[in-house]
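J.: Starting from these lines, generate the structure:
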Amino acid sequence: MPARESRVPEGVDVTVPSVARMYDHLLGGKDNFAADREAAAKLVALVPDAQKIARDNRNFLVRSVRFLAEAGISQFIDLGTGIPTSPNVHEIARQVVPGARVVYVDHDPVVLAHSRALLATDDGVVAVKSDFRDSAEVLSDPGLSQLIDFSQPAAVLFLSVLHFIGDEENPGQIVAGFRDLLAPGGYLVISAITSEDLDPATDKGARELYRSARTPAVARSREQIMEFFTGCELEEPGLVSVVDWRPDPGTDTEATRVHMLAGVGRKV
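T.: Numbering: from 1, shown residues only. So this is what the prediction gives:
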C-alpha cells in the first residue's frame, strides 16, 4: 500500500470512496486515496464543471464567513466540515474578529485526524467528532458547549452537505435542530445542489455514482431549499447561484450546468 495511505486511521476502508475525500481531490488536495480519485474522475466525466462547482462553493464560504464576521458574529459552527482547506473558517473570521471561536464538526475519521492536527491548535478552535444528522449529539458535545454561547448570536454553516441527506432522513428537521437554538440575530448559511435546470440523466448518474460512496445525492428545488431558512430573513441578494452571492471583484461568475444555490439567513 502506498505510504500516503498508511496514514489512514485504523478501521477505515480506503477502497470505498468518501464524499469528503472526493471533494478534497476536486479542490486539488492531497489527502485522498485511489478510490476517491477514481470516483471524482467519474464525477468529472459526468459533470465537467465539478471542479469549478467545488471551487465556487469554497469561495462562497470565504465571502459568507467574512460577511458574518463584519456583521459582528464571533461564533461559528461548521457542520460536515470536510478535510481542511486554507483559508479555513477560523482563519477568515479572525481576520475581522481576532477572538472568533469556531467548532468544526465531522464524523469521518480521516477528516477528524486532519482537523485535529491542523485546525484545533489554537484556543477557541475545536474539532468535534459527531454526525450533524443528530443535532442533539452535536450540541451536547462538551467541546462545543465550552466554546459556543447560544444566548448570543452564532452562525451555523451547512455548506455543500444537505444534498447528501436523503429525504427519508428529514433534512428540514436536521436544520431546525440547529436553527431553533440560535439566538435572534444568529445566522444560517446554506449551499446546496439544486434541481433547477438539472438534466435527468445527469441527476440519475450522480445518484448512482454517490451510491458507490454509500451516500445519497439529492438535488432539491429552490422552494425546498428555501424551506430550510424558515424563521430567517435572507440577506441580500437572497437565495441565488453560489457564484452570485456577493461576488468579489474578479470572481468568475460563469454559470455551471449543474449548480448550487446559496443563501445567508438571519434569524428573527
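J.: At the geometric centre of this protein, which residue do we find?
T.: For the chain, the residue nearest the mean C-alpha position is Leu159 (2.7 Å; CA atoms, centre = their mean).
J.: which stretches of the stretch 51-200 of the chain form strands?
T.: Here the stretch 51-200 of the chain has its strands, by DSSP state E, counting those that start in this stretch, at 75-79, 101-106, 125-129, 155-159, 187-193.
J.: Just put those in a markdown table and tack on mean pLDDT.
T.: Putting those into a markdown table (pLDDT from 0 to 100) gives the following:
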| stretch | mean pLDDT |
| --- | --- |
| strand 75-79 | 98 |
| strand 101-106 | 95 |
| strand 125-129 | 92 |
| strand 155-159 | 98 |
| strand 187-193 | 98 |
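J.: Let's have these in a markdown table, adding distance to Arg179.
T.: C-beta here means a position set from N, CA and C on the backbone, and glycine is covered the same way. A markdown table is the format used below for these (distance: least, CB to CB, whole Å):
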| stretch | distance to Arg179 |
| --- | --- |
| strand 75-79 | 11 |
| strand 101-106 | 15 |
| strand 125-129 | 18 |
| strand 155-159 | 7 |
| strand 187-193 | 5 |
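J.: In which helix or strand does the residue lying closest to Ala217 once chain neighbours are set aside reside?
T.: With CB to CB, 6 or more residues apart in numbering as the criterion, Ala217 has its nearest non-adjacent residue at 3.9 Å, and that residue is Tyr210. Mapping Tyr210 onto the secondary structure by DSSP states H and E places it in helix 200-211.
J.: before we move on, the earlier item: pretty sure the residue nearest to the centre of the chain sits against Ser191.
T.: Yes. The pair Leu159 / Ser191 is scored as a contact, 5.1 Å apart, by CB atoms under 8 Å.
J.: ok, Ser140 - how many residues close by?
T.: By the measure other CB atoms under 10 Å, the count of residues near Ser140 is 11.
J.: Against Phe150, how distant is the residue nearest to the centre of the chain?
T.: Applying CB to CB, to the nearest Å, the value for Leu159 to Phe150 is 20 Å.
J.: residue ranges with poor pLDDT in the stretch 1-150 of the chain?
T.: When residues are selected by pLDDT under 70, those of the stretch 1-150 of the chain lie in 1-11, 119-121.
J.: Could I get the full set of helices for it?
T.: According to DSSP state H, counting those that start in this stretch, the stretch 1-150 of the chain carries its helices in the segments 19-26, 34-46, 50-70, 89-94, 109-118, 135-139, 142-147.
J.: Throw those helices into a markdown table and include mean neighbour count, thanks.
T.: Compiled in a markdown table, these are given as follows (neighbours: other CB atoms under 10 Å):
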| stretch | mean neighbour count |
| --- | --- |
| helix 19-26 | 24 |
| helix 34-46 | 18 |
| helix 50-70 | 21 |
| helix 89-94 | 22 |
| helix 109-118 | 19 |
| helix 135-139 | 17 |
| helix 142-147 | 14 |
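J.: Gly172: which of the ones you listed is closest?
T.: For Gly172, the closest of those is helix 135-139, at 12.0 Å, according to CB to CB.
J.: Skipping adjacent residues, who's closest to Gly177 in space?
T.: Computed as CB to CB, 6+ apart, the closest residue to Gly177 that is not its neighbour in sequence is Ser135, at 2.9 Å.
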